[in-house]
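Colleague: model the structure of this input:
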Amino acid sequence: MTDGTVLYRRITGATEISTTVERLAIDAVLGRTVTVSDVQRICYMTLCRQDQDEIELHHDSDSDGVANAQTIFRSTRYDA
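Modeller: Down below sits the predicted model:
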């Protein structure tokens with residue numbers, strides 16, 4: 001939101017109103033009145049999990065605080 005609030009909801013449907021307008025249906029009320037000008041952006045998130053229970057951090061330098069890590073994420077199917 002333009003006020004810095006972040007709201008998470010599941011999109012349950014979408015309807016194209018015009019070439020520039022799309023209406024999204026969500027799984028739960030937002031709990032407040034929201035106008036188009038209140039919305040800064042909508043981001044789509046994929047439900048996923050990490051493939052491993054542990055991650056190793058490799059510290060490149062003690063002074064810079066720089067570290068590298070590798071992990072694998074698995075996308076999960078959630079149709080509920």
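
Colleague: so where's this protein uncertain?
Modeller: 78-80 (pLDDT under 70).

Colleague: just want the most central residue of it.
Modeller: Met45 (3.7 Å; Cα atoms, centre = their mean).

Colleague: excluding its backbone neighbours, what's nearest it?
Modeller: Counting by Cβ to Cβ, 6 or more residues apart in numbering, Met45 lies nearest to Tyr8, which is 7.9 Å off, once chain neighbours are set aside. Where C-beta positions appear, they are placed from N, C-alpha and C, glycine not excepted.

Colleague: Ala67: neighbour count?
Modeller: 11 (other Cβ atoms under 10 Å).

Colleague: tell me how far it lies from Thr76.
Modeller: 27 Å (Cβ to Cβ, to the nearest Å).

Colleague: show me what contacts Ala69?
Modeller: Listed by Cβ atoms under 8 Å, 6 or more residues apart in numbering, the contact set of Ala69 reads 55-58.

Colleague: out of the residues you listed, which sit inside strands?
Modeller: Counting by DSSP state E, those place His58 in strands.

Colleague: will you turn the contacts of Ala69 into JSON lines that also has distance to Val39 and neighbour count?
Modeller: Output for these, formatted as JSON lines (distance: Cβ to Cβ, whole Å; neighbours: other Cβ atoms under 10 Å):
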{"residue": "Ile55", "distance to Val39": "34", "neighbour count": "9"}
{"residue": "Glu56", "distance to Val39": "39", "neighbour count": "10"}
{"residue": "Leu57", "distance to Val39": "37", "neighbour count": "8"}
{"residue": "His58", "distance to Val39": "40", "neighbour count": "9"}
